[in-house]
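[1] Structure for the following, please:
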Amino acid sequence: MSGGLEQAVAALAVGRIVVLTGDRLRGGDIDFAVAAKYADAAAINFMATHGRGLICLALTPTRAMKLGIGLINPGAARQSGRPHGRSIEAREGVSTGISAADRAQTIAVAIDDKSSADDLVSPGHVFPLIAAPGGIAERPAALEAAIELTRRAGAGDAAVICSIMRDDGEMARIEDVADLIAAHGLAVVDINCL
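    Predicted coordinates:
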């Protein structure tokens, strides 16, 4: 593994957030990623504060199917190419659903092997993304890369990702977040290394 890849896998294994670059499907947008099993309230709050993009739960097709989550728009017509499932909320253990703690609870329920569709309600404040069946080889994007990296880290098969915006609302590039990366000691990995 290259240095960035090795560092990112090691960071994900211990519950740290990493930065993903190289998403060829989104014109250079960058993302935060963390293994879903470690997506506690502090991780969600960090992403909301410093990422500012949509916080999404990256799921394999198998797990999404088990939870009864399908693509919002599975047909070919009017497709954006973004594999969003219906938004979800934990049936129990949340209040309004939007707080960092509530979103962390929803994620914890969604990735629990004992959970089923009955443990979730919709609409909610967690936005599932359903990975391509062939993973990153089929779709070279942050969604599939986050799941692959999480697997390599031995941290499950689900991740939480959040696109990163600059203070002015434009999508960030890696040079825009150099100070943030340094301040928090974040590992950076180009998904094309996978």
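
[2] What segments of the protein are helices?
    For the chain, applying DSSP state H gives helices covering 3-13, 41-46, 61-66, 100-111, 142-152, 178-184.

[3] mind showing which ranges of this protein have poor pLDDT?
    Along the chain, the model assigns pLDDT under 70 to residues 1-3, 75-79.

[4] hmm, back to that, and the helices of the chain, which is most packed in?
    Comparing those by mean neighbour count (mean count of other C-beta atoms under 10 Å), helix 142-152 comes out on top with a mean of 25. For every residue, glycine as well, the C-beta is placed using N, CA and C.

[5] hang on, isn't residue 186 packed against residue 19?
    Yes: with contact defined as C-beta atoms under 8 Å, residue 186 and residue 19 form a contacting pair (5.3 Å).

[6] neighbour-wise, which of the two wins?
    residue 19 (24 against 18; other C-beta atoms under 10 Å).

[7] I figured that one was touching residue 191, is that so?
    No: using C-beta under 8 Å as the test, residue 19 is too far from residue 191 to be in contact (10.7 Å).

[8] Ok, which of the helices of the chain comes nearest residue 28?
    Closest to residue 28 of these is helix 142-152 (C-beta to C-beta; 11.3 Å).

[9] Name the surrounding residues that touch that closest one.
    The contact list for helix 142-152, computed with C-beta atoms under 8 Å, 6 or more residues apart in numbering, reads 8-9, 12, 18, 20, 23, 26, 29, 31, 33, 35-36, 56, 58-60, 83, 129, 131-132, 135-136, 138, 156-161, 163, 189, 191, 194.

[10] let's go with 6 Å and repeat that
    With contacts defined as C-beta atoms under 6 Å, 6 or more residues apart in numbering, helix 142-152 is touched by 8-9, 12, 20, 23, 31, 33, 35, 58, 129, 131, 135-136, 156-157, 159, 161, 191, 194.

[11] So which of the helices of the chain is nearest residue 123?
    Closest among the helices of the chain, using C-beta to C-beta: helix 100-111, at 11.7 Å.

[12] Pairing partners for residue 130 in the sheet, please.
    Residue 130 has the following beta-bridge partners by DSSP bridges: residue 59.

[13] quick one, what contacts it?
    Contacts of residue 130 by C-beta under 6 Å, 6+ apart are 59, 61, 64, 83, 85.

[14] what does residue 50 give?
    Per C-beta under 6 Å, 6+ apart, neighbours of residue 50: none.

[15] Relative to residue 39, how far out is the closest residue to residue 96 other than its chain neighbours?
    Spatially, and ignoring its direct neighbours in sequence, residue 96 is nearest to residue 102 (6.6 Å; C-beta to C-beta, 6 or more residues apart in numbering). Distance, residue 102 to residue 39, by C-beta to C-beta, to the nearest Å: 12 Å.

[16] This completes my enquiry, with thanks.
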